[in-house]
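J.: sequence-free structure coming up:
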């Protein structure tokens, strides 16, 4: 009997050792074999140990990754794999989750959910970060580093249940002799739709939805609506704009299943909705010649298109205001005192607004101009107390405002034509994307406090022009951030983040894109890293090359990403959100950027 027990113990020991050795050998990560020597990790789902016979959870770059199939099938989900597209589809309760290997964007019911690191194909298994399982899906996740175990539990109160996100699929229009009807159609029930009626437009905002609409939709022939425009106004709001020919009364109602929302427009002055006869067969989203799939990012969907003026691209005028097209388009405004003019530069939406400081409606009446050129989309003049001129451009411009011969000249120039040193500061996460969460703090808020402190120092330096990817708590896509920097033609891109791992990990690291021909990004990363360590005293985790981060590999200029500290460590979380620390941190990074510009100019 003793001999049998001894053999059983020996077999058990050998099995455990074999499992440890298997984990300790090599990993095939997306076709690249790398050494891995960390101890095995056990996976528990809903308090039950999951047998991960092919691939255990692993720690890669301080991120814990778990096998997607084993996690979700243990919760009763259906998991599908498309080898051709490297796509995982998970049907979990009333949610459809789509993950693509090496893509940091996941989709939950069509809504984008950013992952801190993308899913990886490791030893033939799709591995995903536990932070995504926790933050994006609302699971209770615990990483027990001491016992090398991951615990994932579904909330017992059913908080993972979410209302299915409606995909807005179509806008169908019809008209009769006395009314015009626009019906917005979605894949599932819509609610809390907001309608705003203005003199020249009706704006419809559909919250918690995804737009699948074409950017422009041609309505049926009618007297009321000239054009229909749509956009993904924010990350979770679809906007539909009806551009009006005449003021209207608007009434609305939902269909019984709330999958359709109807707007009925009738005349305020008794005119007919049709130039002649009736049209009731309708036009829809699919009739449009624009075959796009809905615009996203910073497009507002609410640029004032109003009255069209398709004259020559040079010399378009509204009374005494003259527009001149060209690579440096300009407005000439006779009789305007430049000292009273205030300019708002909304570069993220490509809008320049001039408040002329007085009422000039007698010489510059309310009007919307459409220059129809490559430089300016529209020019809107509106007087409410003071006269304002809103310019929607097709490119990002800054401006020069000068006075000559009793007239103001507003010249639009590209940022590189005016500024010698341009930096884009990217405050990571924001809005619906909180980033890492730990110790009562959210990463997006720490990033914001640090980023705005840096912004104020850069803004005060007359030798540097700073642009920001965000200045409020708003969600901006990674593509928007990189595209903004590229359109501005910045000299340097600096992204502000904070890190998360196990509760014992601390320190600062700075990431850069490892170019074989341009080492400036690496050198600036070293400047910034060394400055923070010297000034702030955090642990030096060094500079690290990263080819997989979108904001680093998709920007055309030297780009770095600062991971200041670990929100997952209790003491460091409090440190990095401390006002004194942030002040020292901002001064350090600012000084390194100043030195970095000297390096860039060599």
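T.: Perfect, I can see it now. Treat the numbers as computed from the prediction; the structure is a model and nothing was measured.

J.: Run through the stretch 301-450 of the chain and note the low-pLDDT ranges.
T.: By pLDDT under 70, the weakly predicted segments of the stretch 301-450 of the chain are 301-320.

J.: rerun at 80
T.: 301-320, 372, 404-405 (pLDDT under 80).

J.: What segments of it are strands?
T.: For the stretch 301-450 of the chain, the strands defined by DSSP state E, counting those that start in this stretch cover 314-318, 321-324, 330-334, 342-346, 351-355, 367-369, 376-384, 386-393, 398-404, 407-413, 422-427, 437-438, 441-442.

J.: and among the ones you listed, the most buried is which?
T.: The densest packing among the strands of the stretch 301-450 of the chain, expressed as mean neighbour count by mean count of other CB atoms under 10 Å, is seen in strand 422-427 with a mean of 26. Glycine gets a C-beta too; all of them are placed from N, C-alpha and C.

J.: For this protein, which element, helix or strand, carries the lowest mean pLDDT?
T.: strand 314-318 (a mean of 38; mean pLDDT, DSSP states H and E).

J.: Please identify the buried residues of stretch 584-602?
T.: By neighbour count, with 16 or more other CB atoms under 10 Å as the criterion, the buried positions of stretch 584-602 are 584, 585, 586, 587, 588, 589, 590, 592, 593, 594, 596, 597.

J.: what's the answer for stretch 206-221, then?
T.: Buried residues in stretch 206-221, counted by 16+ other CB under 10 Å: 206, 208-220.

J.: Break down this protein into its helices, ranges please.
T.: Listed in chain order, the helices of the chain (DSSP state H) span residues 2-24, 68-73, 130-135, 415-418, 443-459, 478-488, 520-536, 550-553, 570-576, 579-600.

J.: Buried residues in stretch 168-183, which are they?
T.: Across stretch 168-183, burial judged by 16+ other CB under 10 Å covers 168-176, 179-183.

J.: Rebuild the strands of the stretch 301-450 of the chain as JSON lines, extending it with distance to residue 450.
T.: Rendered in JSON lines, the data for the strands of the stretch 301-450 of the chain read as follows (distance: least, CB to CB, whole Å):
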{"stretch": "strand 314-318", "distance to residue 450": "45"}
{"stretch": "strand 321-324", "distance to residue 450": "42"}
{"stretch": "strand 330-334", "distance to residue 450": "38"}
{"stretch": "strand 342-346", "distance to residue 450": "24"}
{"stretch": "strand 351-355", "distance to residue 450": "28"}
{"stretch": "strand 367-369", "distance to residue 450": "41"}
{"stretch": "strand 376-384", "distance to residue 450": "35"}
{"stretch": "strand 386-393", "distance to residue 450": "31"}
{"stretch": "strand 398-404", "distance to residue 450": "26"}
{"stretch": "strand 407-413", "distance to residue 450": "31"}
{"stretch": "strand 422-427", "distance to residue 450": "8"}
{"stretch": "strand 437-438", "distance to residue 450": "16"}
{"stretch": "strand 441-442", "distance to residue 450": "12"}
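
J.: Out of the ones you listed, flag the one nearest residue 51.
T.: Using CB to CB as the measure, strand 437-438 is the one of the strands of the stretch 301-450 of the chain that comes nearest residue 51, at 30.0 Å.

J.: Strand partners (parallel or antiparallel) of the closest one?
T.: Strands that pair with strand 437-438, judged by DSSP bridges, come out as strand 441-442 (antiparallel).

J.: which one of the helices of the chain lies closest to residue 350?
T.: In terms of CB to CB, the element of these nearest to residue 350 is helix 478-488, at 8.7 Å.
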